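Asker: Got a predicted model here, sequence first, then my questions.
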Amino acid sequence: GEDVEQSLFLSVREGDSSVINCTYTDSSSTYLYWYKQEPGAGLQLLTYIFSNMDMKQDQRLTVLLNKKDKHLSLRIADTQTGDSAIYFCAESMGSNTGKLIFGQGTTLQVKP
Amino acid sequence: DTAVSQTPKYLVTQMGNDKSIKCEQNLGHDTMYWYKQDSKKFLKIMFSYNNKELIINETVPNRFSPKSPDKAHLNLHINSLELGDSAVYFCASSPVGVGSEQYFGPGTRLTVT
């Protein structure tokens, strides 16, 4: 089936690390994505990981993929107030249609 | 030099009316999408077109009809609007192929009263 789940809310202090978790159900997913949505705006791709990778690092962002448990996480180091947004996990369905299944989004609140 | 643009940004209308939302992308992408984001921020794909051809049509009421006059445009027409249609509608585009990044428009907030 097609299902992606995330916790709804995370609050951290500025300078701390944030870890946003996601679980998915489709083992045929080829790519997994993290998108960021700021208030009143569209979604912006932050990073993605191919399903045969375990980890990807991109500056302050680290993505970990546990394919056995179908678990994906996004770690933001040195979280800033500008990181406050909704973060969406998404999986591609492995076809060439580009169809993405999104989680319900995690609202990250960064307190000064 | 906006990549994916949508008009209008806000749309307030009454039940039973017919309305359209327009989307244009200047990225040269072959594939375009419409998503619906409800009040709980849940985002679900509605339609996808590849080079003017419909390739994804999720279980969306047939009051919703997408139209792609060319590969840079994907419009969404909604007939007989209902209260439950109130949401933010996002257009997106991507190059062809799995793993291609989708670029999202700023969204159109539709309110049906």
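Answerer: Cool, the structure landed. Everything numeric here is computed off the predicted structure, so don't read it as measured data.

Asker: how about the residue of chain B found nearest chain A, what does it touch?
Answerer: Among all residues of chain B, residue B:104 sits closest to chain A, at 3.4 Å; criterion: Cβ to the nearest Cβ. In this view, the C-beta of every residue, glycine as well, is placed from N, C-alpha and C. Neighbouring residues of residue B:104 by Cβ atoms under 8 Å, 6 or more residues apart in numbering or on different chains: A:42, A:43, A:44, B:4, B:35, B:90, B:91, B:92.

Asker: mind running it again at 7 Å?
Answerer: A:42, A:43, B:4, B:90, B:92 (Cβ atoms under 7 Å, 6 or more residues apart in numbering or on different chains).

Asker: ditto for residue B:14
Answerer: By Cβ under 7 Å, 6+ apart, residue B:14 lies in contact with residue B:113.

Asker: what about the one helix or strand in chain A whose mean pLDDT sits lowest and chain B, any contact?
Answerer: Scoring the helices and strands of chain A by mean pLDDT, DSSP states H and E places strand A:100-102 at the bottom, with a mean of 89. Yes: Strand A:100-102 reaches chain B (Cβ under 7 Å from any Cβ of the partner chain) through A:100, A:102.

Asker: Toward the C-terminus, what is the element adjacent to that strand?
Answerer: Following strand A:100-102 in sequence order, the next helix or strand is strand A:106-111 (DSSP states H and E).

Asker: Which strands border that following strand, and is each parallel or antiparallel?
Answerer: Strand A:106-111 pairs in its sheet with strand A:9-13 (parallel), strand A:85-92 (antiparallel), by DSSP bridges.

Asker: where among these is the average confidence lowest?
Answerer: Sorting these by mean pLDDT places strand A:85-92 lowest, at a mean of 93.

Asker: quick one on the thing from earlier: could you say which of the strands paired with strand A:106-111 is packed most deeply?
Answerer: Ranked by mean neighbour count, those are led by strand A:85-92 with a mean of 24 (mean count of other Cβ atoms under 10 Å in any protein chain shown).

Asker: got a list of contacts for that one?
Answerer: Counting by Cβ under 7 Å, 6+ apart, A:4, A:6, A:20, A:22, A:24, A:26, A:29-38, A:43, A:72, A:74, A:100-103, A:105-108, B:41, B:43, B:98-99 sit against strand A:85-92.

Asker: Buried subset of those, written for PyMOL?
Answerer: Buried subset of the contacts of strand A:85-92, written as a PyMOL selection, criterion 16 or more other Cβ atoms under 10 Å in any protein chain shown:
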select buried, (chain A and resi 4+6+20+22+24+26+29+31+32+33+34+35+36+37+43+72+74+100+101+102+103+105+106+107+108) or (chain B and resi 41+43+98)
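
Asker: Among the contacts of strand A:85-92, name the ones in helices.
Answerer: Among those, no residue falls in helices (DSSP state H).

Asker: Which residue in the contacts of residue B:104 has the weakest pLDDT?
Answerer: Sorting those by pLDDT puts residue A:42 at the bottom of the list (89).

Asker: Given the least confident helix or strand of chain A, what are its sheet partners and their directions?
Answerer: strand A:85-92 (antiparallel).

Asker: where are the low-confidence patches of the chain?
Answerer: I went with chain A, as the question did not name one. Filtered on pLDDT under 70, chain A yields the residue ranges A:1-2, A:94-97.

Asker: Chain B is the one I meant
Answerer: B:1, B:97-99.
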